[in-house]
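Novice: got a sequence here, can you model it:
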Amino acid sequence: MSAVAIVAPGYPDQRGGVTDHTARLVRHWSNGGHEVLVLGAARGDPGDVVASWRSRGVTAALVQYVPFLYGRRGLSAFPAALARAAREAGIRLTTFVHEPWVPPTRLPWLVLSPLQRRQLLALLRLSDAAATPVPAWVPQLREKPSVIHVGSTLGEPAQAPAEPLLPAPVLFSPFASGLSWPWVVAAVRAIQADPPLIVIGADADAVRRHHVARRWFDPRWDCRGFLPPTDVLALLARARVVLAPFIDGLTGRRTSALAALSVGARMISSRGPLYDALFDESPATLASTEQEFASAASVAWTRGDSPAQRQERLRWYREHLDPPKLDARLLQLVLGAPNS
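Specialist: Below is the predicted model:
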């Protein structure tokens, strides 16, 4: 077996989906017999990095890409320099685009967005292969990357949900980028549970301080704080309804939505500009408007949920988003294996 390198700035200490995804890749690829080396910082001389890879027998490398992993403004010469050094050393390099560039929705981003776009496209030209979990980004990335979904990065859920079911709808990851708080609050009001909402991923003080969430905070909410992945999955498995509306819709990279699907929870989500057609046939309930979202959440809350329905949701998830299968497919692409 060959040695494979992964570039993931912030690993292993930085919280977030990229770090969790990297940890899962290390686990699955190592279990398959590969030596996996992780570069957790985007600094130093790229030539020295590549030389150390060569000395360890690395033949292929994966760059985990989100612009802000490579600089406070999302700008850095490091990824492209590393790609050039890898090419000169004969190391195959693949770029996994988790997020391409910041949308130009604010004044500073009107400048940063085109610069980040230029930076990423230059990196892709130097890469031997590329992948993204969001089909809507493929035309913008020009190099026609493979679409490889991420699935849940929180680990393996328990085999069966614990009882009893939770007394309120569940919101996981309340500070996730793009979370539509008006939709969440509309659904909570339509359901009228007691307590009104269970929040996983932040305590009450953190919600009160958050620049967006504080506007919607209700002291009656049951805020469980930041929990270990096993505890998060155990709670999601007991949820009658999980609320996961995002401005861009389901993109195949939302940790909270994918974690809910991984335990067979009944999830209400949304469509948006980056909506992934994979979810057309999913067991998730999808809404296009705030009113539709609130109504769907209320109906799901009042209806019973049988074990057979939960098993059907789990079956769909395992068929389309099973992490070991996704990671094996990505490894094939990284190694340049046939049919990758």
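Novice: burial check on the closest residue to residue 305 other than its chain neighbours, number of neighbours?
Specialist: Leaving out its chain neighbours, the residue that sits closest to residue 305 by CB to CB, 6 or more residues apart in numbering is residue 266, at 5.6 Å. Bear in mind the C-beta positions are built from the backbone N, C-alpha and C, glycine included. Neighbourhood size, residue 266 [other CB atoms under 10 Å]: 21.
Novice: next: residue 165.
Specialist: Counted with other CB under 10 Å, residue 165 comes out at 13.
Novice: now do it against residue 308, distance only.
Specialist: Noted for residue 165: a distance of 16 Å to residue 308, by CB to CB, to the nearest Å.
Novice: just residue 136 next, same as before
Specialist: 33 Å.
Novice: more neighbours, the two?
Specialist: Shown here are residue 136 and residue 308; by other CB under 10 Å, residue 136 has more neighbours (18 against 7).
Novice: so the more buried one makes contact with residue 271?
Specialist: No - here residue 136 does not reach residue 271: they are 11.7 Å apart, not a contact under CB atoms under 8 Å.
Novice: for the stretch 151-300 of the chain, which segments are assigned as strands?
Specialist: With strands called from DSSP state E, counting those that start in this stretch, the stretch 151-300 of the chain shows them at 170-172, 198-200, 222-223, 242-244, 267-270, 285-287.
Novice: would you list the ones you listed in TSV and tack on mean pLDDT, distance to residue 105 and mean neighbour count?
Specialist: Listed next are the strands of the stretch 151-300 of the chain as TSV, based on pLDDT from 0 to 100; distance: least, CB to CB, whole Å; neighbours: other CB atoms under 10 Å:
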stretch	mean pLDDT	distance to residue 105	mean neighbour count
strand 170-172	97	24	27
strand 198-200	98	26	23
strand 222-223	98	29	19
strand 242-244	97	21	30
strand 267-270	95	18	28
strand 285-287	95	22	19
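Novice: tabulate those strands (TSV), appending distance to residue 235.
Specialist: Formatted as TSV, those follow (distance: least, CB to CB, whole Å):
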stretch	distance to residue 235
strand 170-172	7
strand 198-200	6
strand 222-223	11
strand 242-244	10
strand 267-270	14
strand 285-287	20
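Novice: what about residue 212, distance to residue 100?
Specialist: Residue 212 sits 23 Å away from residue 100, going by CB to CB.
Novice: each with direction, which strands does whichever strand or helix holds residue 131 pair with?
Specialist: Residue 131 belongs to strand 129-132 when assigned by DSSP states H and E. Counting by DSSP bridges, the strands paired with strand 129-132 are strand 92-97 (parallel), strand 146-147 (parallel).
Novice: out of those, flag the one nearest residue 77.
Specialist: Across the strands paired with strand 129-132, residue 77 has its closest neighbour in strand 92-97 (15.3 Å, CB to CB).
Novice: ok, then the element right after the closest one?
Specialist: Next in sequence after strand 92-97, counting helices and strands by DSSP H and E, comes helix 107-126.
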